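Novice: Generate a structure from the sequence data that follows.
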Amino acid sequence: MATPRVRIYLDDNAEPVIDELLPADVRIDTLDLADGPHRLVVRAHDQTGREGYEEIPFSVHNGPGIVLSGLRPNSTRRGEIRFTVDAFSADDPFDPRRAEARSRIPTWVWVMSLFVVAWTVWYGATMWEVPAQFAQTPTYAAEAMRR
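Specialist: As a prediction, the model looks like this:
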């Protein structure tokens, strides 16, 4: 009868990072790993000697957060490419200048703002009704006669 055991391999390393008896409480410090995609391969043997296999892809992100404005993933570009890069550390105290990425206001926001302003002016001009108590004053009397 075999002893239940687990071996855990990180990425493509031939040597296991964990080699323990089952059940195992596993801890892996990601601060020692480079940011980006990684892979754990878990191989466990039960009492009968049969082996189980599990592969777990995961990503590490301990470094600063990176914000890139002006270039989207999988976009097609020609000529010169211009974009802005900013980085934020999650360990730094709150800094309002870093709370949001510094990028230009999107065109759709300008278009919607212009639409709202134009609609407000149109609505105010077409729905203006002079209150009855002021309809006969010198300011509005001439307008009432034109109607």
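Novice: Now do the helices for the protein: every range, in order, please.
Specialist: 107-126, 138-146 (DSSP state H).
Novice: Report the mean per-residue pLDDT for the last one.
Specialist: Taken as a whole, helix 138-146 has an average pLDDT of 65.
Novice: and what of stretch 49-56?
Specialist: pLDDT averaged over stretch 49-56 gives 92.
Novice: Equivalent analysis for stretch 23-32, please.
Specialist: In the prediction, stretch 23-32 has an average pLDDT of 88.
Novice: Would you mark the buried spots in that stretch?
Specialist: Using 16 or more other Cβ atoms under 10 Å as the test for burial, stretch 23-32 gives Ala24. Yep, even glycine has a C-beta here, placed from its N, CA and C like the rest.
Novice: Could you check how far Gly79 is from Gly70?
Specialist: According to Cβ to Cβ, to the nearest Å, Gly79 stands 14 Å off from Gly70.
Novice: Can I get the helices of the chain in TSV including distance to Ile28 and mean neighbour count?
Specialist: As requested, these are arranged in TSV below (distance: least, Cβ to Cβ, whole Å; neighbours: other Cβ atoms under 10 Å):
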stretch	distance to Ile28	mean neighbour count
helix 107-126	44	10
helix 138-146	79	9
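Novice: what would these look like in a markdown table with distance to Asp46?
Specialist: Converted to a markdown table, the helices of the chain look like this (distance: least, Cβ to Cβ, whole Å):
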| stretch | distance to Asp46 |
| --- | --- |
| helix 107-126 | 58 |
| helix 138-146 | 93 |
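Novice: With that, I have no additional questions.
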